[in-house]
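Fold the stuff below for me.
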Amino acid sequence: MSSVDIARESILAQSVALAAIAGGLGQEFDDAIRLIFSCNGRVIVIGMGKSGIVGQKIAATLASTGTPSFYIHPADAIHGDLGMITPQDVLLLISNSGGTEEVVKLLPSIKYFGNKIISLVGRDKSPIGDAADVNLVLPVEREVCPHNLAPTTSALVAMAVGDALAVTLMKAKNFKPADFAHFHPGGMLGKSLHSKVRDVMRSNDLPLCQPDDSISTAVMAMTSSRLGLVVVQDNHQVVGIFTDGDLRRAMVAEGQVLSEPVKKYMSANPVCVMADDLIKDAEILMREHKVRALVVVSGRGGEHERICGILDLFGDGL
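Next up, the predicted model:
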């Protein structure tokens, strides 16, 4: 069997396991959602080994989608980090066996504090599951590991159910893209959802020409800007756009066109955005019109429609 065959077999086996888990979800999942939704504290996730790694991801996903959450390592918890937990918090305990020693040792203290417990375990009867207020059992027939040893399929289904909890809570809380942006001010996500066009547009050394300028002049402006386009303006108002694609089409149709006026081949009424538009809305326009750059104008219509920048999908780091 080739490496690709082994990989396909592995992925297909895991997809079957995920489908089985999805089909088996029931009242316990609803109960878990209600418990977290009504929680006045945080969701504290605890797990050991691979379950701990899965738990870190689940906690991060919950926290970034409107459900305050963080992960505590059970070894740290048993040596003082239990002090990070308040009585209002819900505990999410992850253990495929349901009997992970480091997690089981925490149960008396958690019960003493009065915290509600949700468990993600792999079998019906277990110390952790029996102690939980809501026990989500995620049975896996076997690990995809050829020796049925390494936590593979069991880790995958636990992570998938964690994502399902987060997504369901997002819908229950009516969590919107604007809310998401507040938790992701950095990187591409934050820039797209939270920033305005003026924050990233190019406003200096813009490639401009007049309608009666020759295509040769337009090409020089286009080349110097490295944007693959030149904006055609008349009396400071945007009247068209001439792109490298327009140039190629003109040359195919008529051959020697460099001395012709650019207005003959430009695209009139180019797609424009305003400087105060959100970048996410500009990206939607780009996809709808299948363009990679947008002319940024200071206003809409008449003398207000003056160019103040160019938004380049690739060059501006979107």
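
burial count for the closest residue to residue 1 other than its chain neighbours?
Nearest residue to residue 1 in three dimensions, chain neighbours excluded: residue 9, at 7.7 Å (C-beta to C-beta, 6 or more residues apart in numbering). Glycine gets a C-beta too; all of them are placed from N, C-alpha and C. By the criterion of other C-beta atoms under 10 Å, residue 9 has 12 neighbours.

how close does residue 9 get to residue 122?
22 Å (C-beta to C-beta, to the nearest Å).

Could you give the average pLDDT over stretch 234-249?
When pLDDT is averaged along stretch 234-249, the result is 88.

and what of stretch 100-117?
Rounded mean pLDDT across stretch 100-117 is 96.

again, but for stretch 49-56
Mean predicted lDDT for stretch 49-56 stands at 97.

again, but for stretch 258-274
In the prediction, stretch 258-274 has an average pLDDT of 89.

where are the low-confidence patches of the stretch 101-250 of the chain?
Along the stretch 101-250 of the chain, the parts satisfying pLDDT under 70 run over 187-192.

so where do the helices sit in it?
Counting by DSSP state H, counting those that start in this stretch, the stretch 101-250 of the chain has helices at residues 101-104, 107-113, 127-131, 153-172, 177-183, 187-194, 197-200, 215-225, 244-254.

between these, which gets nearest to residue 59?
Residue 59 lies closest to helix 153-172 among these, at 8.6 Å (C-beta to C-beta).

which residues touch that closest one?
Defining contact as C-beta atoms under 8 Å, 6 or more residues apart in numbering, one finds that helix 153-172 is touched by 13-14, 17-18, 21, 25, 29, 32-33, 36-37, 50-51, 53-55, 57-58, 61-62, 65-67, 94, 96, 120, 122, 136, 138, 140, 142-144, 175.

can you check stretch 119-133 too?
35, 92-100, 103-104, 107, 110-111, 116-118, 134-140, 154, 158, 161-162.

on that earlier part again, let's have the helices of the stretch 101-250 of the chain in JSON lines, adding distance to residue 1.
Formatted as JSON lines, these follow (distance: least, C-beta to C-beta, whole Å):
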{"stretch": "helix 101-104", "distance to residue 1": "38"}
{"stretch": "helix 107-113", "distance to residue 1": "44"}
{"stretch": "helix 127-131", "distance to residue 1": "37"}
{"stretch": "helix 153-172", "distance to residue 1": "19"}
{"stretch": "helix 177-183", "distance to residue 1": "43"}
{"stretch": "helix 187-194", "distance to residue 1": "39"}
{"stretch": "helix 197-200", "distance to residue 1": "49"}
{"stretch": "helix 215-225", "distance to residue 1": "54"}
{"stretch": "helix 244-254", "distance to residue 1": "47"}
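
And those helices: which comes nearest residue 86?
helix 107-113 (8.2 Å).

Strands along the protein, start to end?
Secondary structure of the chain (DSSP state E): strands located at 43-47, 69-72, 90-95, 116-121, 134-137, 208-209, 229-234, 237-243, 267-268, 272-274, 293-297, 307-312.

mind listing what residue 311 touches?
So residue 311 contacts 197, 200, 201, 202, 273, 279, 282, 293, 294, 296 (C-beta under 8 Å, 6+ apart).

Show me the chain divided up by domain.
Here the domain assignment for the chain is 3-175, 197-312, based on automatic domain parsing.

first to last residue in the first one, what's the distance?
Criterion C-alpha to C-alpha, to the nearest Å; first-to-last residue distance in domain 3-175 is 42 Å.

Next: stretch 171-186.
24 Å.

Give me the buried stretch members for it, please.
175, 180, 181 (16 or more other C-beta atoms under 10 Å).

Show me which of these is closest to residue 42.
Among the buried residues of stretch 171-186, residue 175 lies closest to residue 42 (C-beta to C-beta), at 16.3 Å.

Residue 233: what's it in contact with?
So residue 233 contacts 208, 209, 210, 239, 306, 307 (C-beta under 8 Å, 6+ apart).
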